[in-house]
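*Asks:* Got a predicted structure plus its sequence, pasted below:
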Amino acid sequence: MSASRKLASFRLPPLPTVGELIKLYNLRAEKQLSQNFLLDLRLTDKLVRQAGSLRDAHVCEVGPGPGGLTRSILNAGAADVLVVEKDSRFIPGLKLLSEAAPGKLRIVHGDILNYRMDRGFPRNISKSWEEDLPNLHIIGNLPFSVATPLIIKWLENIANRTGPFVYGRTRLTLTFQKEVAERLTASTGSRQRSRLSVMAQYLCTVRNCFTIPGRAFVPKPEVDVGVVHFTPLVQPQIQQPFKLVEKVVRNIFQFRRKFCHKGVEKLFPEACRMELTQEMMQKADVDPTVRPTELTIPQVRALVDAYAYLSAHDPHLLNYEYREELRLKHLARQKKVPVDTFMDMSTSTPPSPL
């Protein structure tokens, strides 16, 4: 039998069940860490299948917890599984799993938000961005508290081809609260359409795979869970820096129920607001009375390109933040000093989470 066939047919030896491990190590889910265990191996197998073939693959699993999903990844034929777990209580159980799969499971005790995944795998697995997809996957049953910040970070990594995307167009298969999963995959005009929809879809093909009922988790969360698969696009649909795209989209969607020009207005200081808003809308050739949820990605691209054009002629626009202006005006009123004193101290604030 060939080595690759042996690898593909690998099955873990008999082990304590995940439920037994939880009892053995007294592993209670921590509510403040928004932990919910998925114990049904039929569901973890189904989740892993959404990633595609894992034969001989390299996989990073985020937050393996008691290791139920890890077992399904190993049984799917992955050659190299790197698990990143923040909670030290789960490390002994993961070590037991590592001993049952010699040479296949590496354990990192750390926070995925800080972990340098660009150093986690051999560079010889890399593919150029335009080539075939690398045989590298990120899979995770994410705690709700980390899921949105993490996908925002990875979207920026995709735009800049950094982090796990130094290896090429690494695929992701992740869980989110059902509502977040629906936002990520929402089509133009749908009720769930949001800035998260636009930011994900301009960079990736995004697929809502299936929904896991909350009752399948221990403890049972108050919401159902969606499994979402991301494949980075060869060419992003908007050819501008991530931070600039994020700023425009964030402003447009801050008034998601109003006409889109209301959000565009807040990209500009009050003194030139109306004039530059009109110029930007005309240059983008976008109807100012379209609502944000109805904007297509080509229309968003036109708006971002128009803003980039205006900013190139006046670089100060890039540093302007409407919310920061409101904050400084509020401080000025509280301290009873001229607004200009505070405005002179103004600096751009980092973008809020999507």
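*Replies:* Everything's here; your move.

*Asks:* Please name the nearest non-neighbouring residue to residue 302.
*Replies:* In space, and not counting its chain neighbours, residue 302 is closest to residue 284: 3.9 Å by C-beta to C-beta, 6 or more residues apart in numbering. Glycine gets a C-beta too; all of them are placed from N, C-alpha and C.

*Asks:* which residues does residue 221 contact?
*Replies:* Residue 221 makes contact with 36, 144, 177, 214, according to C-beta atoms under 8 Å, 6 or more residues apart in numbering.

*Asks:* Any figure for the gap between the first one and residue 215?
*Replies:* Pointing back at residue 36 there. Applying C-beta to C-beta, to the nearest Å, the value for residue 36 to residue 215 is 11 Å.

*Asks:* Would you mind telling me which of these two has the busier surroundings?
*Replies:* residue 36 (22 against 9; other C-beta atoms under 10 Å).

*Asks:* which residues does residue 203 contact?
*Replies:* 155, 158-159, 232-233, 236-237.

*Asks:* now the residues you listed as TSV including pLDDT?
*Replies:* Shown next, in TSV, are the contacts of residue 203 (pLDDT from 0 to 100):
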residue	pLDDT
155	98
158	98
159	98
232	98
233	98
236	98
237	98
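
*Asks:* Just the buried subset of those, please.
*Replies:* 155, 158-159, 232, 236-237 (16 or more other C-beta atoms under 10 Å).

*Asks:* Go through these and flag which are in strands.
*Replies:* Applying DSSP state E to the buried ones among the contacts of residue 203, the entries found in strands are residue 232.

*Asks:* Take the buried ones among the contacts of residue 203 and lay them out in a markdown table including distance to residue 108.
*Replies:* A markdown table is the format used below for the buried ones among the contacts of residue 203 (distance: C-beta to C-beta, whole Å):
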| residue | distance to residue 108 |
| --- | --- |
| 155 | 22 |
| 158 | 22 |
| 159 | 25 |
| 232 | 23 |
| 236 | 30 |
| 237 | 34 |
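
*Asks:* quick revisit: just the contacts of residue 203 now: which is nearest residue 303?
*Replies:* residue 237 (12.8 Å; C-beta to C-beta).

*Asks:* And the residue nearest to the closest one when sequence neighbours are not counted, how far from residue 249?
*Replies:* Among residues not flanking residue 237 along the chain, residue 202 sits closest, at 4.4 Å (C-beta to C-beta, 6+ apart). From residue 202 over to residue 249 the distance is 9 Å, taken as C-beta to C-beta.

*Asks:* hey, what's in contact with both of the two?
*Replies:* Contacts common to residue 202 and residue 249, judged by C-beta under 8 Å, 6+ apart, are residue 300.

*Asks:* Comparing those two, which shows the higher neighbour count?
*Replies:* Legend: neighbour count by other C-beta under 10 Å for residue 202 and residue 249, higher for residue 249 (26 against 22).

*Asks:* pretty sure that one contacts residue 193?
*Replies:* No - judged on C-beta atoms under 8 Å, residue 249 makes no contact with residue 193 at a distance of 11.4 Å.

*Asks:* in the stretch 51-200 of the chain, which spans are strands?
*Replies:* 58-62, 80-85, 105-109, 136-140, 171-177 (DSSP state E, counting those that start in this stretch).

*Asks:* May I see those arranged in a markdown table, with mean pLDDT as well?
*Replies:* Output for the strands of the stretch 51-200 of the chain, formatted as a markdown table (pLDDT from 0 to 100):
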| stretch | mean pLDDT |
| --- | --- |
| strand 58-62 | 98 |
| strand 80-85 | 97 |
| strand 105-109 | 97 |
| strand 136-140 | 98 |
| strand 171-177 | 97 |
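
*Asks:* Any chance of a markdown table for these, columns mean neighbour count?
*Replies:* Output for the strands of the stretch 51-200 of the chain, formatted as a markdown table (neighbours: other C-beta atoms under 10 Å):
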| stretch | mean neighbour count |
| --- | --- |
| strand 58-62 | 25 |
| strand 80-85 | 23 |
| strand 105-109 | 17 |
| strand 136-140 | 26 |
| strand 171-177 | 24 |
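
*Asks:* can you tell me which residues contact the residue nearest the centre of the chain?
*Replies:* The chain has residue 151 as the residue nearest its centroid, 1.1 Å off, counting by C-alpha atoms, centre = their mean. By C-beta under 8 Å, 6+ apart, the contact set of residue 151 is 172, 174, 176, 184, 200.

*Asks:* quick one: it and residue 210, what's the gap?
*Replies:* Taken as C-beta to C-beta, the span from residue 151 to residue 210 is 18 Å.

*Asks:* low pLDDT regions in the chain?
*Replies:* The chain contains residues with pLDDT under 70 at 1-9, 13-16, 18-35, 329-330, 332-354.

*Asks:* mind redoing it with 80?
*Replies:* 1-36, 218-219, 325-354 (pLDDT under 80).

*Asks:* Which segments of it make up each domain?
*Replies:* The chain resolves into domains spanning 3-232, 242-320 when parsed by automatic domain parsing.

*Asks:* can you give me the end-to-end distance of the shortest one?
*Replies:* Same thing as domain 242-320. This stretch, domain 242-320, spans 17 Å end to end (C-alpha to C-alpha, to the nearest Å).

*Asks:* So what's the gap between that domain and the chain middle?
*Replies:* Its chain's C-alpha centre and that of domain 242-320 lie 24 Å apart, by C-alpha atoms, centre = their mean, to the nearest Å.
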